[in-house]
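*Asks:* quick check, what structure comes out for this input:
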Amino acid sequence: MFRGLYLGASGMLAAQHLNDVVADNLANVNTPGYKRDIGVAKTFSQELMLRMEAGKPGTIANNSAPIGAVDSGVVIDRITSGFSAGPLVATNNSTDLALAGQGFFSISTPDGVKYTRSGNFQLDGAGNLVTSQGYKVMGVKGPVSGLTSDNFAVLADGTITQNGQAIDRLAIVDFPPDALRKAGDNLFTSQSPPLAARSYSVKQKFLEQSNVDVAREMGAMMTALRSYEANQKVIQTLDSNMEKAANEIGKL
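*Replies:* The predicted model follows:
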């Protein structure tokens, strides 16, 4: 009976965690380049159940046989990101860049180089191309700098030109599946070295929108809510049974 309480509690905690993931996705539905999170659940190690044959009370005889396994609860194993592309929207802003296809922009931060699909960049007072947090956008020569105005062009391969002269080329990189982890500010970090991106095209005056599908996330939220309520009902039922066992059976 107590096992049921633990199972119900673990199910409620997992459902609550999944609901938090969905809520975060919905909160970022309008964040350029945002990639939705996906909660991955797993069960605790299964416990083998054996049939008790004739023998001393409370012991398992040598000729006992397995009759199956029972799960001992569920837990959120990890949170991964879905990297499907979001739709591209025209902005008519020269500092807005989007990646069609694979790849990530490289961003210089105080904690090292990080990566993003969000291309809502801007120019600072020194002519550097920066993110909304002030982090510098990286080119193959280093941070992209020397831009005297937003009257510059970015070619499909990431080459930046101003007044007909090539200044630099954006450092567009790619990674193996599951190598990236979110690091805040719509940035990603990786323990794996970056790879040269191949299948991409830079679109100037466009932004990639979030890949969050509101209808799908609302469906996931309802599923998590129903799971939470079902496990809550299990705990309530077991609690009622234990109350009867303690207060009524003892009177017989």
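*Asks:* give the helix, strand or coil label for the closest residue to residue 73 other than its chain neighbours.
*Replies:* Counting by Cβ to Cβ, 6 or more residues apart in numbering, residue 73 lies nearest to residue 10, which is 3.5 Å off, once chain neighbours are set aside. For glycine as for every other residue, the C-beta is placed from the backbone atoms N, C-alpha and C. Put simply, residue 10 is helix when judged by DSSP: H, G, I helix; E, B strand; the rest coil.
*Asks:* could you pull out the helices in the chain for me?
*Replies:* With DSSP state H as the definition, the chain shows helices at residue ranges 2-27, 214-247.
*Asks:* tell me what the longest one is packed against?
*Replies:* Meaning helix 214-247. If contacts are counted by 3 or more Cβ pairs under 8 Å, 6 or more residues apart in numbering; DSSP states H and E, helix 214-247 sits against helix 2-27.
*Asks:* residues of the helix it packs on that come out buried?
*Replies:* Using 16 or more other Cβ atoms under 10 Å as the test for burial, helix 2-27 gives 7-8, 10-15, 18-19, 21-22, 25-26.
*Asks:* so residue 116 makes contact with residue 184?
*Replies:* No - contact criterion Cβ atoms under 8 Å: residue 116 and residue 184 do not qualify, at 11.0 Å.
*Asks:* more crowded one of those two?
*Replies:* residue 116 (24 against 11; other Cβ atoms under 10 Å).
*Asks:* what about residue 101, distance to residue 172?
*Replies:* 10 Å (Cβ to Cβ, to the nearest Å).
*Asks:* and the two? which has more neighbours close in?
*Replies:* Neighbours around residue 101 and residue 172, counted as other Cβ under 10 Å, are more numerous at residue 172. The numbers are 25 against 13.
*Asks:* who touches that one in this structure?
*Replies:* Neighbouring residues of residue 172 by Cβ atoms under 8 Å, 6 or more residues apart in numbering: 99, 103-106, 158, 197, 200, 202.
*Asks:* mind redoing it with 7 Å?
*Replies:* 99, 103, 105, 158, 197, 200 (Cβ atoms under 7 Å, 6 or more residues apart in numbering).
*Asks:* need the residues that contact stretch 153-164.
*Replies:* 97, 144, 147, 152, 166-170, 172, 201-202, 204.
*Asks:* still on that earlier bit, what's the overlap in contacts for residue 101 and residue 172?
*Replies:* Common neighbours of residue 101 and residue 172, using Cβ under 7 Å, 6+ apart, are residue 200.
*Asks:* any weak-confidence spans in the stretch 51-200 of the chain?
*Replies:* 51-72 (pLDDT under 70).
*Asks:* how about residue 235, nearest residue that isn't a chain neighbour?
*Replies:* residue 8 is the one closest to residue 235 (Cβ to Cβ, 6+ apart), at 4.2 Å.
*Asks:* test my guess that the one you found contacts residue 231.
*Replies:* Yes - contact criterion Cβ atoms under 7 Å: residue 8 and residue 231 qualify, at 4.5 Å.
*Asks:* and the pLDDT at the residue nearest to residue 76 when sequence neighbours are not counted?
*Replies:* Leaving aside its chain neighbours, residue 76 sits nearest to residue 17 (4.6 Å; criterion: Cβ to Cβ, 6+ apart). The per-residue pLDDT reported for residue 17 equals 91.
*Asks:* now residue 19: how far from residue 78?
*Replies:* Taken as Cβ to Cβ, the span from residue 19 to residue 78 is 17 Å.
*Asks:* how far off centre is stretch 146-160?
*Replies:* The chain centre lies 32 Å from the centre of stretch 146-160; the measure is Cα atoms, centre = their mean, to the nearest Å.
*Asks:* swap that for stretch 195-211, sorry
*Replies:* For stretch 195-211, the distance to the chain centre is 19 Å (Cα atoms, centre = their mean).
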